[in-house]
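Asker: okay, here's the prediction I keep looking at, along with the sequence it came from:
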Amino acid sequence: MPQLIAAEFSKLFSTRLWLWLLLASTALVALYVSLNIAFADNAVTPPLDTAPGQQTLFAIAAGARPLVAVLGAIAITTEFRHRTATATFLATPHRGRVVIAKLAAYAIVGAAYAVACIATVSAIVLPWLATKGIDVSLTGNGIPRTLLGVAAAYIAYAVIGVALGALVRDQVATVVGLLIYLFVVEPVITNIPALDAWTLYLPGPAGNALTQISLTTQDFLSPWQGGLVLVAYATALAVGGTLLAVSRDVT
Amino acid sequence: MTEHVNRIVVSSLTKRFGAVRAVDDLSFTVEPGSITGFLGPNGAGKTTTLRMLLGLVSPDAGTATIGGRPYRDLPRPNDVVGAALEASGFHPARSGRGHLRAYCRVNGYPPSRAGEALAMVGLADVGNRAVGGYSLGMRQRLALAGALLGDPSVLVLDEPANGLDPEGIVWMRELLRDLARQGRTVLVSSHVLAEVQQLVDHVVIINRGSLVRQGPLAELFAVQARVSVRTPHADRLAAALGCAAVERAAPGAIQVERTDAVTLQVTGLDTDGIGRIAFAERIELHELAAGHSDLESVFFALTATADTRALDEVS
């Protein structure tokens, strides 16, 4: 299994996609956090010299997590699109092991993206707030818990992306479907208060539950509940995707 | 019985796609130490058979084993079997070397093995370029390099000569000959017979998913060689040959085709046999010539028999 996971990293690093998506992710969270500091005097963001205000800024580091879902989805669908699945399954005829290796590898990739996005946010928040006379400590004000939530959200989204890709197989359908869902469908339906009782369990709100921060007025599950909901999504998709990968002919 | 470690055994393999029987109760064996051509027209079921042999497609019935085991049960398949199924299985943005390195990693081979395999197929200079810029011939070579990564004792190659220039075909022939001489099993599919005539020792010919013939190439030619006979008594000779076939209790074994008033084309008998019958029947012969026979004509004779018979009946 370590060899299979190493091979996934070998595949990842032999094209440039990871780099472009990493740059996009860090740019995205840099933009979000900068806007939030620049326009901090609004009703939504708590004051920046309070713990909730600072937790909100660091939770923004989780904002690029849809992109790791896309990366994970591309990682597995590209095997079918470019027909490398043939060589991959010839090397590892037990196809479930391939899916598991990809899930594990992209959990690690998700964690690495989280670290990069947290570093980006820190590099903006710490000096900027210092100019406002606010001294932020990464180890205080409940911020460590927020950062753990950010990392968990990235890992969960990367794994969900891989699992969804295994299930759908078609690259365009998977990536377009993911983007439309995460950037259009979910934001719309989570803003309908009447549906709150159900939309709490969608991936986005479940991800927000990990950091206990959101810029909407929706309530949260507890971090544990949110994490379990995301694990349930990933497991269901991965089991379905693995069963399909094992049973379908590779032609 | 102990199976030879490198023998390929296909047994009653069947695969349906909807109503189409792509492969129909197909059985054959491939022995080590020689090159076996797996031949048939496009759509005959060659690729589906190879994919079933390699565990990529599940058969509806039958088995395919390598050294007595199904591919999926081989503990480290790339150590034993090298397969190149298509020249298109590459990520266009990945370099040839990058592609091979990923599969070195899977198998625990040192990364340097990728460079060795590239050198073996003549791609050492372009290994660091993205595969998207490769020609079809270069992709074929890269696919072959992938098959050779694990130094396998069994090679399964689907249309490996497709896209190679004549020089490349000669090169590949030499490479595969060397590999077979070392005792490896080499199975090469093709629908272009001119490519493989100089290459293979044995043939397995299929058509519409079923076995047409298997055996040594030389035997195939001996059976199927055409003899051209010129005689003023073409009718009498044709009748005599027909009787000879009946006497042998094999009416279809000798086929006689009349091309003009004085010329017959005979398959199923060599020049000695025809001469003997003509002498016994006191038939005057003006020419008795073993026709030039190539795999292509043999192949057409074998795979098109049913169609031409039907046409003959109509006309």
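Answerer: Alright, I've got the coordinates.

Asker: assign whatever residue of the stretch 151-300 of chain B ends up closest to chain A to helix, strand or coil.
Answerer: Residue nearest to chain A within the stretch 151-300 of chain B (Cβ to the nearest Cβ): residue B:156, separated by 9.5 Å. Using the backbone N, CA and C atoms, a C-beta is placed for each residue, glycine as well. At residue B:156 the chain is in strand, as set by DSSP: H, G, I helix; E, B strand; the rest coil.

Asker: helix or strand right after the helix or strand bottoming out on mean pLDDT in chain A?
Answerer: Ranked by mean pLDDT, DSSP states H and E, the helix or strand of chain A with the weakest confidence is helix A:196-199, at a mean of 83. Where DSSP states H and E defines the elements, the next helix or strand beyond helix A:196-199 is helix A:203-211.

Asker: show me what that next one is packed against.
Answerer: Counting contacts by 3 or more Cβ pairs under 8 Å, 6 or more residues apart in numbering or on different chains; DSSP states H and E, helix A:203-211 packs against helix A:51-59, helix A:143-168, helix A:186-189, helix A:223-247.

Asker: excluding sequence neighbours, find me the nearest residue to residue 105.
Answerer: Here I'm looking at chain A. Counting by Cβ to Cβ, 6 or more residues apart in numbering or on different chains, residue A:105 lies nearest to residue A:8, which is 3.6 Å off, once chain neighbours are set aside.

Asker: actually it's chain B I care about, not the one you picked
Answerer: residue A:7 (3.9 Å).

Asker: before we move on, back to that, and the helices and strands packed on helix A:203-211 as JSON lines, adding mean neighbour count?
Answerer: As requested, these are arranged in JSON lines below (neighbours: other Cβ atoms under 10 Å in any protein chain shown):
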{"stretch": "helix A:51-59", "mean neighbour count": "21"}
{"stretch": "helix A:143-168", "mean neighbour count": "25"}
{"stretch": "helix A:186-189", "mean neighbour count": "13"}
{"stretch": "helix A:223-247", "mean neighbour count": "17"}
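
Asker: tell me which of these sits nearest to chain B.
Answerer: Closest to chain B of these is helix A:223-247 (Cβ to the nearest Cβ; 7.7 Å).

Asker: tell me what that closest one is packed against?
Answerer: Contact here means 3+ Cβ pairs under 8 Å, 6+ apart; on that basis helix A:223-247 packs against helix A:95-131, helix A:143-168, helix A:203-211.

Asker: go again with 10 Å.
Answerer: The contact analysis (3 or more Cβ pairs under 10 Å, 6 or more residues apart in numbering or on different chains; DSSP states H and E) places helix A:223-247 against helix A:65-81, helix A:85-91, helix A:95-131, helix A:143-168, helix A:203-211.

Asker: please enumerate the helices of the stretch 51-200 of chain B.
Answerer: Under the criterion DSSP state H, counting those that start in this stretch, helices of the stretch 51-200 of chain B are mapped to B:77-80, B:96-107, B:112-120, B:136-148, B:166-181, B:193-197.

Asker: ranking those helices by mean pLDDT, which is last?
Answerer: Mean pLDDT values for these show the minimum at helix B:193-197, a mean of 76.

Asker: contact residues of the stretch 51-200 of chain A facing chain B?
Answerer: Contact residues (Cβ under 10 Å from any Cβ of the partner chain) of the stretch 51-200 of chain A with chain B: A:78-79, A:81-95, A:98, A:101.
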